[in-house]
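S.K.: Just the structure for this:
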Amino acid sequence: LKDQPALGTKSVDIIVDTTGPVVTITSPKRASTHDGDASISIKGTVKDAISAVKSLTLASKTVTLKADGSFETSMTAQQAMNPLIWVAVDEWDNERTGVQTFLYSTQWYEMDVKQPVQAHVGDGAGVWMSQVTIDSGQHDHNKPKDLATAVEIFLKYLDISSLTGAGFPIKQAGFNGKATFEKVKFGDKGINNGFPQVTMTVIKSGMAIDAKLHKFSGDVALTGKLFGVSVPKQVATIGAKTIKIEFDLMLSVDNTGKVVAKAKDIDVHFVKMSIQLQGVLGFLSNWLLKAVQPFLTPLLEVIIEDQLKKVLADQMGKAFEALAINQKFSLPPFIGNGPPADLMINSRVSQINCIPTVNQAGGILFSMDASVTSKKTVKYTPLGSIGRAGCLVPGAVEVFNPGQKFPLEIGLAEDFINQLLFSLWNAGSLVISLTEADIGDSFDVSSFGVSDLKVSTDFMLPPVMTSCLDNGSNKLQMGDLHLHAQLKLN
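M.R.: Below you'll find the predicted structure:
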């Protein structure tokens, strides 16, 4: 124009295109959840306001575009999170990339905090108690660390007072009368600090328990007539070095989750029983010993059996039943400001698997149906908490496998972990408001000329844990996070 002044004044618009095409995926929706057929139809459009679109790659596949820029393709969804990663290129090789995700499974748990049983994960949690946890062989009664120690403490306070007042007739060697127990006791402070000695071994469907009660003694009052002549009351002291008690504690669980413990095959016998009888009836000592033992053994067996069935078995059943947690608890925000998350754990014992201790240490596995739920505070409505669904393998059965490497183990099924993640998300724990103070000194925003920074997060999907990957490893997946930032540029 400078060289051609006759042309006058002219203007030229130069359009510069430095950005790639815009891709909009209309189906599946961003952060959607799916079940049913794993073949997912993907629809959308590609538009470029300036240049022609050269290509679109979606989920690692080249997609053919229609004349209006729309497209339709499909993919086979995998269990858990499926990212849709796309790359759009225009005629000048300008690229634009993007990603959005959806969740897929054939199994979803309805998460209603008012109906937690409906959300139960079968065998969602488990507690493994090895033989060492049942009986370590080292019993500290001040700090019990195994069940055998607890049983020793129970047996020390075994109530055999009902022997008092029990009597039986005696008619022998000219004496005709009655023997009545007045008081009984047991315990030897020189052995096991005065506690009974107990060994417990895991057997099929329960535990075999052997106990020794040391230094048993009881006073027996004798009243009656000797050759027809009344004699003053005589007191005999009956003693035994040890009372041996052997029984099996069988474990089962009913369909309500109640653990039933039953003592069976109870056997009681006395070791080195003796009797001391002074006075006019002293000559009856040997006979009395023979007369008392057949009477005393079944009587004491009935009393011990009653205590074991009504007290020990009941308490043991309740203790095992208490492994199933039913409790509400609150968690504060992970970072920044926000309300606490109120979660509800609901569980019940579903199976008891006793692995006998034979050539190697066994143990007991308590499996529990369990769920964790929360009140909905987020604005999104997914199908529920995702289920593993056997990694989508037809006919696959989910099996809870304890490691059995440690004396005491607690295991959580993948579906239960996902319920925990879902409930934290559902309760709003991932809706976080952050300020510069929350970020801390590790990231100085002022160095970028920014101040008064405020950031809020909004996860459109719950985090999920999955082991259904090609290499079988566990992976935590999080997708479609919405960030809102407010700041001042200095």
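
S.K.: Report the next helix or strand after the lowest-mean-pLDDT helix or strand in the chain in sequence order.
M.R.: Least confident helix or strand, the chain: helix 285-307 with a mean of 69, by mean pLDDT, DSSP states H and E. Using DSSP states H and E, the helix or strand that follows helix 285-307 in sequence is helix 313-321.

S.K.: can you tell me the average pLDDT over that following helix?
M.R.: Averaging pLDDT along helix 313-321 gives 90.

S.K.: Quick check: buried residues in it?
M.R.: 313, 316-317, 320-321 (16 or more other Cβ atoms under 10 Å). Quick note: C-beta positions are derived from backbone N, CA and C, even for glycine.

S.K.: and if you look at stretch 136-152?
M.R.: The neighbour-count check on stretch 136-152 (16+ other Cβ under 10 Å) flags 136, 139, 146-152 as buried.

S.K.: Just confirm residue 15 is within a helix.
M.R.: No - Residue 15: not assigned to a helix; according to DSSP: H, G, I helix; E, B strand; the rest coil it is coil.

S.K.: tally of neighbours for residue 232?
M.R.: Using other Cβ atoms under 10 Å, residue 232 is surrounded by 9 other residues.

S.K.: does it count as helix, strand or coil?
M.R.: From three-state DSSP, the assignment for residue 232 is strand.

S.K.: Any figure for the gap between it and residue 221?
M.R.: According to Cβ to Cβ, to the nearest Å, residue 232 and residue 221 sit 11 Å apart.

S.K.: Then residue 112?
M.R.: 67 Å.

S.K.: Ok, residue 338 next?
M.R.: Distance, residue 338 to residue 221, by Cβ to Cβ: 75 Å.

S.K.: Compare those two and say which is more crowded by neighbours.
M.R.: residue 338 (19 against 16).

S.K.: Could you count how many residues lie near the closest residue in space to that one that isn't next to it in sequence?
M.R.: If the residues on either side of it in the chain are set aside, residue 338 comes closest to residue 432, at 5.8 Å by Cβ to Cβ, 6 or more residues apart in numbering. Here the count is done by other Cβ under 10 Å, and residue 432 has 18 residues near it.

S.K.: hang on, residue 432 packs against residue 459?
M.R.: No - under the criterion of Cβ atoms under 8 Å, residue 432 is not in contact with residue 459, lying 9.3 Å apart.

S.K.: tally of neighbours for residue 219?
M.R.: Neighbourhood size, residue 219 [other Cβ under 10 Å]: 15.

S.K.: Tell me the bridge partners for the spatially most central residue of the chain.
M.R.: Centroid-nearest residue in the chain: residue 125, 3.6 Å away (criterion: Cα atoms, centre = their mean). Counting by DSSP bridges, residue 125 forms beta bridges with residue 368, residue 412.

S.K.: My read is that it contacts residue 370, right?
M.R.: Yes - judged on Cβ under 8 Å, residue 125 makes contact with residue 370 at a distance of 4.5 Å.

S.K.: Find residues that contact each of these two.
M.R.: Common neighbours of residue 125 and residue 370, counting by Cβ atoms under 8 Å, 6 or more residues apart in numbering, are 347, 416.

S.K.: For residue 411, which non-adjacent residue is closest in space?
M.R.: Closest residue to residue 411 apart from its sequence neighbours, by Cβ to Cβ, 6+ apart: residue 126 at 4.6 Å.

S.K.: just residue 270 next, same as before
M.R.: Sequence neighbours aside, residue 240 is the residue nearest to residue 270 in space, at 4.2 Å (criterion: Cβ to Cβ, 6+ apart).

S.K.: Does the one you found lie in a helix or a strand, and which?
M.R.: Element membership of residue 240 [criterion: DSSP H and E] is strand 229-253.

S.K.: And that strand, what's buried?
M.R.: So for strand 229-253, counting by 16+ other Cβ under 10 Å, buried means 231, 234, 236, 238, 240, 242-243, 245, 247-251, 253.

S.K.: What residues does residue 209 make contact with?
M.R.: Contacts of residue 209 (Cβ under 8 Å, 6+ apart): 151, 198-200, 245-249.

S.K.: pLDDT at it, what is it?
M.R.: On the pLDDT scale, residue 209 gets 95.

S.K.: Return the set of residues that bridge with it.
M.R.: residue 200, residue 247.
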